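Student: generate a structure from the sequence data that follows.
(one chain, ligands or ions: 1)
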Amino acid sequence: MKRVFLFFLGSVIASFLHNRIDRKIRKQNYLFSFSRCSHCNHRLYFKDMIPCISYLFLKGKCRYCKKQIDHLCFYSETAGGLIFALYSDPWQIISLSILLSLSLWDIRIQKIPDQELFLLLPVILFSRIDSIRGFRFWIEWIETVSVLLLFVIMTGRIYRKQTMGEGDLILLSVLFLSFELRERFFLLELSCLLALFWLFGKEKDKPFPFVPFIAVSYAVLLIANR
Ligand SMILES: [Zn+2]
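Tutor: Numbers count the residues shown, from 1 in each chain. Below you'll find the predicted structure:
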């Protein structure tokens, strides 16, 4: 029962995050205005906005105009619910929620805001406060980030285009602080593998959001580390 409540709480927070990003992109006030259908502009009521449940009950369609509701809304609510139901460490819940928000930005506009990205840094540092004090930890972290940078520069030279965005690079460098050496490479490998799997059969030249793959790999690694 506790997990069901936590799932619901997480999905409510994720629904707010999704709405906030959606309205910011459309330059609308996200705190003091009613939610409306993006197709028919009909005001949405409580029964239309119960996270996950309304979407499933309405079969993914608007109650008023019957047009398709954005799938991303449902996926983000489910992801938020899972974060709260599956993780118990508050630092992990906060970092995963920030990653969810960054993923939504990346999916929407292929860019992540610096403020949210740098908000992640103190959260990760606090969560690892006991193990990041050593000199060796920082030397290894600098080495891993250098290898990542060299990898991106080399692949950029070979393919004659930027292979990883600046935001993705900073994000990975920050997340590396959560793990030991081997796990950092596992995070990078799993993110790339998931992205390659997703890209299979799709147009290769189009830019695609990489942050969601990093976020999923990070979530998997946290569970594997228990
Ligand atoms: Zn509608």
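
Student: show the pLDDT at Lys111.
Tutor: Looking at Lys111, its pLDDT is 88.

Student: mind checking what secondary structure it has?
Tutor: Using DSSP: H, G, I helix; E, B strand; the rest coil, the structure places Lys111 in coil.

Student: quick one: stretch 36-45 to chain centroid distance?
Tutor: 26 Å (Cα atoms, centre = their mean, to the nearest Å).

Student: next, the distance between the ends of it.
Tutor: Stretch 36-45 has an end-to-end distance of 9 Å (criterion: Cα to Cα, to the nearest Å).

Student: contacting residues around it?
Tutor: 22, 34-35, 62, 64-65, 67, 70 (Cβ atoms under 8 Å, 6 or more residues apart in numbering). Glycine gets a C-beta too; all of them are placed from N, C-alpha and C.

Student: got it, and stretch 65-72?
Tutor: Residues contacting stretch 65-72 (Cβ under 8 Å, 6+ apart): 18, 22, 37-40, 42, 55, 58, 60-62, 104, 107-108.

Student: ends of that stretch, how far apart?
Tutor: First-to-last residue span, stretch 65-72, Cα to Cα: 19 Å.

Student: and for stretch 58-78?
Tutor: End to end - Cα to Cα - stretch 58-78 spans 16 Å.

Student: run the contact check for that stretch versus the ion.
Tutor: Yes - shown here: stretch 58-78 in contact with the ion (Cβ under 5 Å from the ion) through 62, 64-65.

Student: got the buried residues for that stretch?
Tutor: 62-63, 69, 73-78 (16 or more other Cβ atoms under 10 Å).

Student: any residues touching stretch 93-113, and which ones?
Tutor: 13-14, 17-18, 21-22, 25, 72, 76, 79-80, 83-84, 87, 116-117, 119-120, 123-124, 127, 165, 167, 171, 178, 207-212, 214-215, 218-219, 222.

Student: weed out the non-buried ones from these.
Tutor: 13-14, 17-18, 21-22, 76, 79-80, 83-84, 87, 117, 120, 123-124, 127, 165, 167, 171, 178, 209-212, 214-215, 218-219, 222.

Student: give me the subset of those residues lying in helices.
Tutor: If you go by DSSP state H, the buried ones among the contacts of stretch 93-113 have 13-14, 17-18, 21-22, 76, 79-80, 83-84, 117, 120, 123-124, 127, 167, 171, 211-212, 214-215, 218-219, 222 in helices.

Student: looking at the residues of stretch 58-78 next to the ion, which is nearest Val145?
Tutor: Cys62 (45.7 Å; Cβ to Cβ).

Student: look up the closest residue to that closest one, ignoring the ones flanking it.
Tutor: Cys37 (4.8 Å; Cβ to Cβ, 6 or more residues apart in numbering).
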